[in-house]
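[1] Below are the sequence and a predicted model for it; my questions follow.
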Amino acid sequence: MPTSTFDTFFACTIIVAAALIATGFLCSTMQVRIDNTKSINEQDYLQAIANHIVTNPGTPPDWGASGICPADFGLAASYSSMPYELDIDKISMLNSQNDFSLSYFEIENSSKLNNIALGVAVSQIMDINFMQSTNSTINNTTYFTLTLSTSVDSQPVSASLNCYVIANNYVNAVKGSTTTDGVGEATVQVPSAGADNAIVIVFARASFDDRLTSYAIYNLSNSTQETKPINDFLTLSPLNYNLSIDTDSSGLTIQHGYVFSYAYQQTLACSFNASQCAIPRIVDNSPLIITVDGLVNGTYFQEWASYPQIPFNAGSSFSGSAQNIFSYDVTVNGVLYTLEISLGAPPP
């Protein structure tokens with residue numbers, strides 16, 4: 001083959017090979033871009049679903065207060081023009097400790113999601129932690145000193161504290177605060193005869209925003225912080241400012257009922273063997289803590305519930321499946337919380 005012809009053939013071969021390589025690279029790049037676009041579109045689609053749940057009151061708009069399964073699932077308060085304000089009863093109906101709570105099937109069915117897993121979690125923004133440092137008894141009164149810490153996103157914050165100690169036929173309030181390093185102390189007192197059944201309710205309000213108000217429960221008898229009600233003898237289910245009281249225990253009588261907020265304390269109008277009683281509408285940027293006590297065959301007991309019933313985690317566990325989390329700062333009755341909507345991957 002003449003040299004000039006060979007050179008021409010070789011040059012053509014190089015050009016063809018380069019073109020093939022470029023084409024392959026272009027296809028690979030294009031596929032990456034297609035995959036990225038698909039991922040972006042999927043995230044936008046899921047974000048729109050999450051936004052709809054947060055900003056839509058659902059159908060009927062008062063389904064939470066009515067205690068019914070909605071035809072269309074939405075958590076927004078129907079009476080509010082503020083964005084990201086949730087309804088206190090819709091939130092409470094997602095907590096499995098409420099007798100009126102929705103099942104996962106009802107949540108998924110009313111949200112009208114086709115083969116997309118759904119989870120809803122609401123938590124307090126400011127964390128409160130306890131540690132019992134000392135206790136002493138003087139003249140039939142026991143004094144407990146508690147060391148408390150307050151933080152947001154694991155960062156210490158200063159807060160004012162209102163503490164209520166409740167025991168058998170005894171209620172007392174103590175004020176306190178945490179400093180800029182998020183640490184403070186409070187000393188509560190209780191008659192020694194009732195110390196074995198006493199609890200302390202602590203409300204903390206951040207110094208920079210009164211909407212950041214959280215609660216925590218401390219059991220003095222076993223020196224532990226209770227993150228959710230125990231429900232040994234009673235199940236307390238608040239809904240539409242009415243407290244339903246359910247028990248399987250025989251020989252039970254109710255003695256007292258109280259409702260507490262950051263700044264206020266009121267007595268519940270609960271009669272002996274009551275099954276329901278009204279919850280006062282306290283005007284305060286604060287969650288409510290409700291306590292009911294009494295006797296079971298002569299033994300004192302005390303149960304509590306929060307209203308709204310936060311924190312909780314409802315819906316799918318996402319075990320072995322994709323989980324896309326969309327986080328929101330929301331308000332419920334003037335208090336800031338963190339809401340997380342979790343969604344699985346949409347079907348192909």
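    Looks like it came in fine. Being a predicted model, the structure only gives us computed values, none of them experimental.
[2] Residue 212 contacts residue 336, doesn't it?
    Yes - counting by C-beta atoms under 8 Å, residue 212 touches residue 336, with 5.6 Å between them. To be clear about C-beta, it is placed using only N, CA and C from the backbone, and glycine gets the same treatment.
[3] tell me, what's touching those two both at once?
    Common neighbours of residue 212 and residue 336 (criterion: C-beta atoms under 8 Å, 6 or more residues apart in numbering): residue 125.
[4] so what pLDDT did the closest residue to residue 63 other than its chain neighbours get?
    Closest residue to residue 63 apart from its sequence neighbours, by C-beta to C-beta, 6 or more residues apart in numbering: residue 70 at 4.0 Å. Per-residue confidence at residue 70 stands at 97 (pLDDT).
[5] swap in the one 5 residues further on?
    According to the prediction, residue 75 has pLDDT 97.
[6] show me the residues around it that make contact.
    53, 54, 56, 57, 58, 86, 87, 90, 91, 120, 339.
[7] List only buried entries from these.
    Listed as buried from these are 53, 54, 57, 58, 86, 87, 90, 91, 120, 339; burial here means 16 or more other C-beta atoms under 10 Å.
[8] what about the helix or strand containing the second one, average pLDDT?
    This points to residue 54. Applying DSSP states H and E as the criterion places residue 54 in helix 3-55. The average pLDDT within helix 3-55 is 62.
[9] Name the nearest of the contacts of residue 75 relative to residue 195.
    residue 91 (34.3 Å; C-beta to C-beta).
[10] Surely the closest one is within a helix?
    Yes - Residue 91 forms part of a helix when assessed by DSSP: H, G, I helix; E, B strand; the rest coil.
[11] now it: how far from residue 295?
    According to C-beta to C-beta, to the nearest Å, residue 91 and residue 295 sit 33 Å apart.
[12] what packs against the host helix or strand of residue 64?
    Assigning secondary structure by DSSP H and E places residue 64 in helix 63-66. Applying 3 or more C-beta pairs under 8 Å, 6 or more residues apart in numbering; DSSP states H and E, one finds that helix 63-66 makes contact with helix 88-92.
[13] does residue 283 count as helix, strand or coil?
    Criterion first, three-state DSSP; result for residue 283: coil.
[14] who's in contact with the residue nearest to residue 63?
    Per C-beta under 8 Å, 6+ apart, neighbours of residue 70: 58, 59, 60, 63, 110.
[15] can you check residue 237 too?
    97, 98, 99, 100, 243, 244, 246, 305.
[16] change it to 7 Å
    98, 99, 100, 244, 246 (C-beta atoms under 7 Å, 6 or more residues apart in numbering).
[17] Any chance of those in CSV with neighbour count as columns?
    Converted to CSV, those look like this (neighbours: other C-beta atoms under 10 Å):
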residue, neighbour count
98, 24
99, 13
100, 17
244, 17
246, 12
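[18] From the residues you listed, which land in strands?
    When DSSP state E is applied, the contacts of residue 237 are split such that 244, 246 fall in strands.
[19] Pretty sure residue 67 sits against residue 100.
    Yes - with contact taken as C-beta atoms under 7 Å, residue 67 and residue 100 are classed as touching, separated by 4.6 Å.
[20] shared neighbours of the two, anything?
    residue 239.
[21] just the strands in the stretch 101-250 of the chain please.
    118-124, 126-138, 141-152, 155-156, 159-167, 170-178, 183-191, 199-206, 213-219, 224-226, 235-239, 242-246 (DSSP state E, counting those that start in this stretch).
[22] Which among these is found nearest to residue 318?
    Comparing those by C-beta to C-beta, strand 118-124 comes nearest, at 6.4 Å.
[23] Packing partners of that closest one?
    Judged by 3 or more C-beta pairs under 7 Å, 6 or more residues apart in numbering; DSSP states H and E, strand 118-124 is in contact with helix 104-111, strand 312-315, strand 335-343.
[24] elements contacting the longest one?
    If contacts are counted by 3+ C-beta pairs under 7 Å, 6+ apart, strand 335-343 sits against helix 3-55, strand 118-124, strand 324-332.
[25] repeat for the first one
    With contacts defined as 3+ C-beta pairs under 7 Å, 6+ apart, the secondary structure elements packing on helix 104-111 are strand 118-124, strand 312-315.
[26] Repeat the analysis, applying 10 Å as the threshold.
    Using 3 or more C-beta pairs under 10 Å, 6 or more residues apart in numbering; DSSP states H and E, the elements in contact with helix 104-111 are helix 3-55, strand 118-124, strand 312-315.
[27] Equivalent analysis for the second one, please.
    When contacts are defined as 3+ C-beta pairs under 10 Å, 6+ apart, strand 312-315 sits against helix 88-92, helix 104-111, strand 118-124, strand 335-343.
[28] tell me the mean pLDDT for it?
    94.
[29] List the buried residues of that strand.
    Buried residues in strand 312-315, counted by 16+ other C-beta under 10 Å: 312, 314, 315.
[30] Give the pairing partners of that strand; include direction for each.
    strand 118-124 (antiparallel) (DSSP bridges).
[31] Strand 141-152 and the partner strand, what's the angle between them?
    120 degrees (axes from the mean of the first three to the mean of the last three C-alpha atoms, to 10 degrees).
[32] so for strand 118-124, what's the average pLDDT?
    Here the average pLDDT along strand 118-124 is 97.
[33] What angle do strand 324-332 and that strand make with each other?
    Using the same axes, to 10 degrees: strand 118-124 against strand 324-332 is 50 degrees.
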